[in-house]
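Asks: Please find the sequence and the predicted model below.
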Amino acid sequence: MENEVFIMKFKSLWKKAVLTATATMMIGSAAFAATPAETYAEAAQNTITQTAGEYTLHVDMSMPFIGSMNVNGVIDAQALPTIQGKGTLHMTMAGKTMEPSTVYIEQNGKTVTSYYSTTKDGQTTWKKRSQELKSETAAKDYLNEQHNVMDGVKSVSALGNDQYQVVFDSSRIYSKDTIDTIKIKYGANEKAVDLTEKVLKALQQSDDIRTTVTIDPTTKKITNIALPMTPQLRQIALTVLDNANTSEANQAVIRQFINNSDISISIGIKDLPEGVDFTIPQDVKNQAVAINQ
């Protein structure tokens, strides 16, 4: 029973680390993000201002004792006229397939609420998190802004087959202006802002971030981002761990797991399919229990 609780805590920590990494990369994409450099800059600008899309997430992790862990998911999302999203995440651990988790996202006024399912022993429960935006038009305001997509890019080189290696300077990943923008314009939760700031500062100490970006020469948009992020994810996971509500004994063991784990992330981007229905079932809303963390 004690081992099961530990594994659940460790899985939860990695899940937070991956989600934080993904959110950090999305927040930082405007700061990271033009020759190969010109091709990349144009595609990055087109992708950042894309108002809707289908995003395919693939995460590979290798952990001591536990073995391999894979997360695959597809999320359909739109930013306008309001933020909406839906998708499913599938996880396998050491060859065992877990129950899939369904995710819904909706904006109502200034409030963005995420719903997600968890299944244990055949019983599915729903939880929700809400976040207040600074204004109802926060997403539109962001899309209309000018984005310096090359600020923070160290180099761009062509690899062939429409792929480019983009190297980001980790020392420039953190900017107080970025944090102030999140706080002032988008009204992010203070705890989330605080953790994001700590993660960005931690990433400054990691190696340069090397990504492989695939660009569609016709649409001039990014279609895939591959992130072999072992050093960066370790920094993120350790930062999340330092802020986690768990015992010192558990922290010590989990820290060893983190330092001996490898991870990579791949994000595919396509146009949003026609006819996607973002309506959240009423029974999901009725069952969902609000959580603060």
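Replies: That came in fine, so what should we check first? Computed from a predicted model, the values in this text were never measured in an experiment.

Asks: give the contact list for the closest residue to Asp169 other than its chain neighbours.
Replies: The shortest distance from Asp169 to any non-neighbouring residue, by Cβ to Cβ, 6 or more residues apart in numbering, is to Lys154 (4.6 Å). Any C-beta I mention is one placed from the backbone N, CA and C, and that applies to glycine too. Residues near Lys154 by Cβ atoms under 8 Å, 6 or more residues apart in numbering: Val167, Phe168, Asp169, Asp208.

Asks: what stretches of the chain score poorly on pLDDT?
Replies: Scanning the chain for pLDDT under 70 picks out the ranges 1-34, 65, 173-189, 229-230, 233, 292-293.

Asks: Doesn't Asn70 belong to a strand?
Replies: Yes: membership of Asn70 in a strand is supported by DSSP: H, G, I helix; E, B strand; the rest coil.

Asks: Next, count neighbours for the spatially closest residue to it that is not a sequence neighbour.
Replies: Closest residue in space to Asn70, ignoring its immediate chain neighbours: Thr92 at 4.9 Å, by Cβ to Cβ, 6+ apart. Other residues near Thr92 come to 13 when the count uses other Cβ atoms under 10 Å.

Asks: in its sheet, what does the helix or strand where Thr92 lies sit against?
Replies: Element membership of Thr92 [criterion: DSSP states H and E] is strand 84-93. Using DSSP bridges, the strands paired with strand 84-93 in its sheet are strand 67-78 (antiparallel), strand 96-97 (antiparallel), strand 101-108 (antiparallel).

Asks: The stretch 101-250 of the chain: strands as residue ranges?
Replies: Counting by DSSP state E, counting those that start in this stretch, the stretch 101-250 of the chain has strands at residues 101-108, 111-120, 123-132, 153-160, 163-168, 209-216, 221-227.

Asks: Of the ones you listed, which is nearest Lys86?
Replies: Lys86 lies closest, by Cβ to Cβ, to one member of the strands of the stretch 101-250 of the chain: strand 101-108, at 5.2 Å.

Asks: Pull the residues that contact that closest one.
Replies: 73, 75, 77, 82-89, 91, 112-119, 133, 136, 139, 278, 280, 284.

Asks: List only buried entries from these.
Replies: Neighbour counting by 16 or more other Cβ atoms under 10 Å classes 73, 75, 77, 82-87, 89, 91, 112-113, 115-117, 133, 139, 280, 284 among the contacts of strand 101-108 as buried.

Asks: who's in contact with the closest residue to Met98 other than its chain neighbours?
Replies: Leaving out its chain neighbours, the residue that sits closest to Met98 by Cβ to Cβ, 6+ apart is Met91, at 4.4 Å. Met91 makes contact with Met69, Asn70, Val71, Asn72, Thr97, Met98, Pro100, Ser101 under the criterion Cβ under 8 Å, 6+ apart.

Asks: just checking, the third one touches Gly87?
Replies: Right, Val71. No: Val71 is beyond contact range of Gly87, at 12.0 Å (criterion: Cβ atoms under 8 Å).

Asks: circling back to that earlier point, distance check, the residue nearest to Asp169 against Ile66.
Replies: Distance of Lys154 to Ile66, computed by Cβ to Cβ, to the nearest Å: 34 Å.

Asks: can you check Lys127 too?
Replies: 24 Å.

Asks: list the buried ones in stretch 94-110?
Replies: So for stretch 94-110, counting by 16+ other Cβ under 10 Å, buried means Met98, Ser101, Thr102, Val103, Tyr104, Ile105, Glu106, Gln107.

Asks: Alright, calling it a day.
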